[in-house]
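[1] need a 3D model of the sequence below.
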Amino acid sequence: MRCILPLLASLALTAVEIPPEVRPITTKLDAALSEAERVCHVSQAKAKEDAVKEMEKLLKAEKKKKASLISTDLEVRIAALTKDIALLKDEPLLQATELDTKISKKEFTEEDWAAIPAQSLKLDAKEPRSNTKIKVAAGELYFIVPHPTDAWKNQPTGESFTWRGKDDGDMKLMIRCGEKEIPGLFVSETGLMTMGPNDKGCGDNEGSIRIKIIRVH
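    As a prediction, the model looks like this:
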């Protein structure tokens, strides 16, 4: 069973102006949806924990045999389920992971982006390392959410690209912490977080894209 996706994003409530008299109702609805999602994840974790216990019993019995055909497979399955359980119990990370999946599948919309309750930051195409003013400390985890359709323009060709850039990586959104380049949208490396287009000569670029930064841990 797949749990509902985060609250306001799932209903796109921020896409319309909510009358003041209706806001208490929507607030209660959000709270109810949040609790339903939490319970859903807890129940999934419990079911997988029960499965792991049964597999561990079977694995213990298999290891007593001289030649077991399924011990290795059981160990792999237990490890995978244990990883899933840890994720299900970490609600902020689970939501960020689901969001990352939606972005990678190109199913993330402008309405989804607008529904994320975080301030946006505009990145100028002329600036290779815009300062986010966030210095990532050890143990912290952030998730970057680029606007899906914002585009910046590469010169001298005049071509426009979203944060994904060209197929060869040019004009792709480049995230750095200190001097380390960050692959993907999850940021856990320590240091000052900066961002900009992957372009050797940014000075003649045009336009900007917006991003939102979610603090996961």
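[2] from now on I want contacts and neighbour counts done on CA atoms only, so please keep to that.
    Fine.
[3] now stretch 60-77: average pLDDT?
    For stretch 60-77, the mean per-residue pLDDT is 88.
[4] typed the wrong thing, it's stretch 206-217
    Average pLDDT, stretch 206-217: 94.
[5] following the one helix or strand A47 maps to, which helix or strand comes up?
    Assessed by DSSP states H and E, A47 sits inside helix 23-63. Later in the chain than helix 23-63, the nearest helix or strand by DSSP H and E is helix 71-88.
[6] so the strand or helix carrying K102 versus helix 71-88, what angle?
    If you go by DSSP H and E, K102 is part of helix 91-104. Counting by axes from the mean of the first three to the mean of the last three CA atoms, to 10 degrees, helix 91-104 lies at 100 degrees to helix 71-88.
[7] so which elements touch the helix or strand that helix 91-104 is followed by?
    Downstream of helix 91-104, the first helix or strand assigned by DSSP H and E is helix 110-115. Applying 3 or more CA pairs under 8 Å, 6 or more residues apart in numbering; DSSP states H and E, we find helix 110-115 packed against helix 7-11.
[8] sheet-wise, list the partners of the longest strand along the chain with their directions.
    In the chain, with assignment by DSSP state E, the single longest strand is strand 206-215. Pairing partners of strand 206-215, with direction, according to DSSP bridges: strand 120-124 (antiparallel), strand 142-146 (antiparallel), strand 152-154 (antiparallel).
[9] what about this structure, any weak spots by pLDDT?
    Along the chain, the parts satisfying pLDDT under 70 run over 1-39, 41.
[10] tell me the residue in it that is farthest from the middle.
    The C-alpha centroid of the chain is most remote from K66, which lies 45.1 Å away (CA atoms, centre = their mean).
[11] one step back: can you list the helices and strands that the helix holding K102 packs against?
    Helix 91-104 packs on helix 71-88, going by 3+ CA pairs under 8 Å, 6+ apart.
[12] in the helix it packs on, what counts as buried?
    Using 16 or more other CA atoms under 10 Å as the test for burial, helix 71-88 gives S71, L74, I78, L81, T82, D84, I85, L87, L88.
[13] the third one and P92: what is the separation?
    Okay, so that is I78. Distance of I78 to P92, given as CA to CA, to the nearest Å: 23 Å.
[14] can you check the fifth one too?
    Plainly put, T82 is 18 Å away from P92 if you go by CA to CA.
[15] can you give me the domain boundaries for the chain?
    7-89, 119-215 (automatic domain parsing).
[16] need these in CSV (columns: distance to K102).
    Shown next, in CSV, are the domains of the chain (distance: least, CA to CA, whole Å):
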stretch, distance to K102
domain 7-89, 12
domain 119-215, 11
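[17] pick the most deeply packed of these.
    Comparing the domains of the chain by mean neighbour count (mean count of other CA atoms under 10 Å), domain 119-215 ranks first with a mean of 18.
[18] leaving out chain neighbours, which residue sits closest to I214?
    Residue nearest to I214 in three dimensions, not counting chain neighbours: F143, with 5.1 Å by CA to CA, 6 or more residues apart in numbering.
[19] got it, and F186?
    F143 (4.6 Å).
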